[in-house]
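> The following block contains a protein sequence and its predicted model.
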Protein chains: 4
Amino acid sequence: MLRPRSGWHQWVGGERYVMSPAVSAVEFSDPFGNLCQRLVAPAGPFSVRTSVDVESADAFDTAPGAPFVEVRYLPNETLPFLLPSRFCESDRFTQLAVSVTAGHAPGYNQCTAIVDYIRKAVRYAPGFGQEIISACEAHQRAQGVCRDLTHLGIACCRALSIPARMVVGYLETLEPMDLHAWFEAYIGGRWYAFDPTQDNPRGGRIAIAYGRDAADVAIYTQFGDPVDLLRMEVTVRRMSAPQY
Amino acid sequence: MLRPRSGWHQWVGGERYVMSPAVSAVEFSDPFGNLCQRLVAPAGPFSVRTSVDVESADAFDTAPGAPFVEVRYLPNETLPFLLPSRFCESDRFTQLAVSVTAGHAPGYNQCTAIVDYIRKAVRYAPGFGQEIISACEAHQRAQGVCRDLTHLGIACCRALSIPARMVVGYLETLEPMDLHAWFEAYIGGRWYAFDPTQDNPRGGRIAIAYGRDAADVAIYTQFGDPVDLLRMEVTVRRMSAPQY
Amino acid sequence: MLRPRSGWHQWVGGERYVMSPAVSAVEFSDPFGNLCQRLVAPAGPFSVRTSVDVESADAFDTAPGAPFVEVRYLPNETLPFLLPSRFCESDRFTQLAVSVTAGHAPGYNQCTAIVDYIRKAVRYAPGFGQEIISACEAHQRAQGVCRDLTHLGIACCRALSIPARMVVGYLETLEPMDLHAWFEAYIGGRWYAFDPTQDNPRGGRIAIAYGRDAADVAIYTQFGDPVDLLRMEVTVRRMSAPQY
Amino acid sequence: MLRPRSGWHQWVGGERYVMSPAVSAVEFSDPFGNLCQRLVAPAGPFSVRTSVDVESADAFDTAPGAPFVEVRYLPNETLPFLLPSRFCESDRFTQLAVSVTAGHAPGYNQCTAIVDYIRKAVRYAPGFGQEIISACEAHQRAQGVCRDLTHLGIACCRALSIPARMVVGYLETLEPMDLHAWFEAYIGGRWYAFDPTQDNPRGGRIAIAYGRDAADVAIYTQFGDPVDLLRMEVTVRRMSAPQY
């Protein structure tokens, strides 16, 4: 999954996708609308290089006070994001979510309270994320990568009947630069982004894929003989104006 | 989810669906093709009674020796059933699945070996299934309801790159009579049923819903104030011939 | 297509579906969400009998003054219903639609004006509908069955950039009783029904299938050796209360 | 619709999409899987420039003798391509299709016979295609652009119960260079391309969009005040090797 799509929040103005050695690949849409590429990697070294020029908002979009949407009024397509999933055991987070959001207005402010709690309770430790752990496990360890903090945020939102989904993407000025993960919650009739690893979340975001949790949005899901990841490099650069 | 659909394996010849008191409900298809009914239950006692006349095979369909389908040849729509899900942590079952199926031909026979192992290792204890536990937890406890044994079977299949999905439905002659759960694995180009709780799996099955695990196929998913389940009654009766 | 679905406008409380001789059939959803049954009919006489108990509104839902939705604000899923289709050559009806609706407020009132025009300009001649003709042809002949008048209404709405779709269904008190066809237009954020063949459209409607025109919503689409339709009988009866 | 997708037949290795003046656009998938861009064009001159690097087969893929697939064995998703559509009135072409293919084996050879007939009966007259005409009209006029000949081919295939769909795309070495249209028929278990306007159909094809006919695959569908097409330029250039 390395093909960002254009949506209301971002516009893909240019794109490159090169495999070497070149192999045949096919593309399909998964149930979340992500464009997925299927291919059989050859034995030996194999590289995939993609690059994308995207227009995206400078500012991080917030809406303090945006109201909780009662479950009865949620669009059908948001319902799968209320259910527990592999790495977001929302069925085990009711108590925590209720206590962390006590006194906060239902909706956007609950999500802010959840994110604030995560920032305090779980140390952001980039670079220690080989094995994927779940929200329960991340909470117990009290430290994690962006993916783990995101899982925790999603689990708490769902525990309050707020649809929440994972986003994997690029974020300008991320330190150290890498792929990034954050989540979106459905509030006041639309999706809003929340980023538990950023104190002052910035714009300059490019969404690559959406899903219920890391199981759905892995950049690559590999079957067959194990592979060694030799190198992964991510660069995000601000472009002053469209250059094609 | 109480509206079985007609497919190649079953034909719905008649159906009744009564709520009392009567309330408005809407119906939609979820990502797995299940017909779901959404409604706001009134305060106080509320009952849903459904009944369905279905043509279904007498015999349980088996295919010893049916071959493993290499991941590269799997249809796109089976791929979500390779991923770990809330109650089937297939990413934690590789070792067990490999050891349990050692010496068995890839495909159907591996699934049989998995089911045989589950029957030995996990005691079927109907009636102790209030909280939904995951495959890892069921394996640890070494006992469970049909749902738990099914989760374990699914997790092991996926760990071997065999797509597996959960089925909730009715089974004639189940003792004690209740809703039942089993799983299907994609082998030799189609889905085959496996039932870890039945020594000699029987036909007479009616599928109500398909999904990745119990999170997707709950008969009801309830939000808002807690409800008490006062009574649930399931009856399956063989009909000698269509009677309408 | 003989399996009405539950939606916000109707609720299926009971259903029977009998083929004789009995044959295997499979069911799938078409791109419009209709449940379709596929089967190979045996040589010789073959009958399909269905029956359905549906809750439906007594009154015909109207909304004079409901506003036109600018194309930019239309939901994506309504867009296919703006395009011309086999029997609704909307690309040839701009001039007529504009002249017929002159002086009427954009939206619901335009649709009313179109329907009024059709009632005057095209004689409703039930029973003369063997060959399916298009909106252009129906307009030229100045007479037609409910299907033809509906095609004409759809073509005019689309010519004004109002999404319009065909509905095939049952209507209580239709004289003579038969399957019926009407159309829906997307106005003011939702679909409204219009029935060019009824002077004072009544409720008591059951939608069986939706589509762009008669090509999509045929009750049966038959391939292979020609068949003779020996008999078709439709009965609609008001039920005082759910009876199961 | 100007965003070709990667599939088994082509791979998009690079892409540019520039609008000037720049406006916001959103993207969605239509029922045929095409990526569609929605936007509100500003008043005054407005240009859209896209460019795409695609790997595509050099040779035109043929399969003389490939068998007709009986309707009962067709995949559900091919069925909409059996129905008549706006510009392919297949319900009016049974007699012609049967007579033109007399003596030819069912399947691929029938399609070849249809294409041969079209080349003889309808003069290819590039550049005279402002108004979109239907297969019936094109047949009557005995001349047309690639779109018209394609509609005629599709109508004849469907009349023989062979699913057929329209393709709009680029073709290297087309003379004069322009967008091109051809069709695909479902034979022997897959889609094969046919091009009624090319005596010796070549490879070097890039599919931009698929649909039932020209109504579905217009490069742009415009609503609101009429626009003048000031200039349209298409260039297809063979690249010796990926250059990014």
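Looks like it arrived, so ask away.
> And the pLDDT for A:Glu233?
pLDDT, A:Glu233: 94.
> what about it, which helix or strand?
Under DSSP states H and E, no helix or strand contains A:Glu233.
> gap between it and chain D?
From A:Glu233 over to chain D the distance is 16 Å, taken as CB to the nearest CB, to the nearest Å. Placement of C-beta: from N, CA and C, glycine included.
> Check the secondary structure at A:Met19 for me.
Three-state assignment for A:Met19 (DSSP: H, G, I helix; E, B strand; the rest coil): strand.
> how about it, what does it touch?
Counting by CB atoms under 8 Å, 6 or more residues apart in numbering or on different chains, A:Met19 touches A:Ala25, A:Leu39, A:Phe46, A:Ser47, A:Val48, A:Arg49.
> do you know how far A:Ala193 is from A:Ala181?
The gap separating A:Ala193 from A:Ala181 is 11 Å, by CB to CB, to the nearest Å.
> shared neighbours of these two, which are they?
Residues touching both A:Ala193 and A:Ala181 (CB under 8 Å, 6+ apart) are A:Val167.
> These two: which has the busier surroundings?
More crowded of A:Ala193 and A:Ala181, by other CB atoms under 10 Å in any protein chain shown: A:Ala181, with 24 against 18.
> Heading C-terminal from the lowest-mean-pLDDT helix or strand in chain A, find the next helix or strand.
When each helix and strand of chain A is scored by mean pLDDT, DSSP states H and E, strand A:25-29 comes last, with a mean of 89. Sequence order places strand A:35-39 as the next helix or strand after strand A:25-29, per DSSP H and E.
> Mind giving me the packing neighbours of that following strand?
Contact partners of strand A:35-39 among helices and strands, from 3 or more CB pairs under 8 Å, 6 or more residues apart in numbering or on different chains; DSSP states H and E: strand A:25-29.
> Contacts (any at all) between chain D and the strand it packs on?
Yes: residues of strand A:25-29 contacting chain D under CB under 8 Å from any CB of the partner chain: A:Ala25, A:Val26, A:Glu27, A:Ser29.
> Just the buried residues out of those residues, in PyMOL syntax.
PyMOL command restricting the residues of strand A:25-29 next to chain D to the buried ones, with burial defined by 16 or more other CB atoms under 10 Å in any protein chain shown:
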select buried, chain A and resi 25+27
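> Tell me the one among the residues of strand A:25-29 next to chain D nearest to chain C.
In terms of CB to the nearest CB, no member of these lies closer to chain C than A:Ser29, at 14.3 Å.
> who are the neighbours in contact with the closest one?
By CB under 8 Å, 6+ apart, the residues touching A:Ser29 are A:Leu35, A:Cys36, D:Ser29, D:Gly33.
> likewise A:Leu2?
Contacts for A:Leu2 were tallied using CB under 8 Å, 6+ apart; they are A:Tyr17, A:Gln37, A:Val48, A:Thr50, A:Ile208, A:Ile219.
> Nearest to C:Ala63 among the residues you listed?
A:Ile208 (42.6 Å; CB to CB).
> In which helix or strand does that closest one reside?
Secondary structure assignment for A:Ile208, by DSSP H and E: strand A:205-211.
> Kindly report the same for A:Gly13.
Per DSSP H and E, A:Gly13 falls inside strand A:10-20.
> So which residue is smack in the middle of chain A?
A:Val167 (2.1 Å; CA atoms, centre = their mean).
> Where do the helices of chain A begin and end?
Per DSSP state H, chain A carries helices over the ranges A:94-100, A:108-121, A:135-141, A:146-159.
> Which one of those lies nearest to B:Gly103?
Comparing the helices of chain A by CB to CB, helix A:135-141 comes nearest, at 33.9 Å.
> for the closest one, packing partners?
Helix A:135-141 is packed against helix A:146-159, with contacts defined by 3+ CB pairs under 8 Å, 6+ apart.
> between the helix it packs on and helix A:108-121, how big is the angle?
Counting by axes from the mean of the first three to the mean of the last three CA atoms, to 10 degrees, helix A:146-159 lies at 140 degrees to helix A:108-121.
> okay, and for chain A, where does confidence drop off?
Applying pLDDT under 70 to chain A picks out residues A:128-129, A:241-244.
> quick one on the thing from earlier: output the strand holding A:Ile208 in CSV, but only the C-alpha positions, please.
Taking Å, rounded to 0.1, in the frame of the first residue of the first chain, the C-alpha atoms of strand A:205-211 are listed here in CSV:
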residue,chain,number,x,y,z
ARG,A,205,0.0,15.4,6.4
ILE,A,206,-0.4,12.9,3.6
ALA,A,207,-2.7,9.9,4.2
ILE,A,208,-1.5,6.7,2.5
ALA,A,209,-4.0,4.3,3.9
TYR,A,210,-7.0,3.9,6.3
GLY,A,211,-8.1,0.9,8.3
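> quick one: that strand near chain D?
No: Strand A:205-211 stays clear of chain D (CB under 8 Å from any CB), getting no nearer than 12.6 Å.
> That strand pairs with which strands, parallel or anti?
Using DSSP bridges, the strands paired with strand A:205-211 are strand A:164-171 (antiparallel).
> So what touches the partner strand?
Strand A:164-171 is contacted by residues A:1, A:4, A:32, A:81, A:88, A:150-151, A:153-154, A:157-158, A:179-186, A:191, A:193, A:198, A:202, A:204-214, A:216-217, A:219, A:234, A:236 when judged by CB under 8 Å, 6+ apart.
> Of those, grab the buried ones for PyMOL.
A single PyMOL command selects the buried members of those (16+ other CB under 10 Å):
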select buried, chain A and resi 1+4+32+81+88+150+151+153+154+157+158+180+181+182+183+184+185+186+191+193+198+204+205+206+207+208+209+210+211+212+213+214+216+217+236
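> so how far is C:Gly65 from the nearest residue to A:Gly204 once chain neighbours are set aside?
Once flanking residues are discounted, A:Gly204 sits nearest to A:Glu172: 3.3 Å by CB to CB, 6 or more residues apart in numbering or on different chains. Separation of A:Glu172 from C:Gly65 (CB to CB): 48 Å.
> ok so, going back, give the buried residues for the strand holding A:Gly13.
By 16+ other CB under 10 Å, the buried positions in strand A:10-20 come out as A:Gln10, A:Trp11, A:Val12, A:Gly13, A:Gly14, A:Glu15, A:Arg16, A:Tyr17, A:Val18, A:Met19.
> and of these, the nearest to B:Gln110?
Of all the buried residues of strand A:10-20, A:Met19 has the smallest distance to B:Gln110: 32.0 Å, by CB to CB.
> Next, find the distance separating that closest one from D:Val54.
Distance, A:Met19 to D:Val54, using CB to CB: 14 Å.
> what's the answer for A:Arg38, then?
The gap separating A:Arg38 from D:Val54 is 18 Å, by CB to CB.
> Of these two, which one has the most company?
Between A:Arg38 and D:Val54, D:Val54 has the larger neighbour count (other CB under 10 Å), namely 21 against 16.
> what sits opposite that one in the beta ladder?
In this entry, D:Val54 is beta-bridged to D:Val12, by DSSP bridges.
> What residues does it make contact with?
Listed by CB under 8 Å, 6+ apart, the contact partners of D:Val54 are D:Pro4, D:Gln10, D:Trp11, D:Val12, D:Gly13, D:Ile206.
> Give the burial count for the closest residue to the second one other than its chain neighbours, as a bare number.
Spelled out, that is D:Gln10. In this structure, D:Gln10 finds its nearest non-sequential neighbour in D:Ser56, 4.8 Å apart by CB to CB, 6+ apart. For D:Ser56, the neighbour count with other CB under 10 Å is 16.
> Sounds good, over and out.
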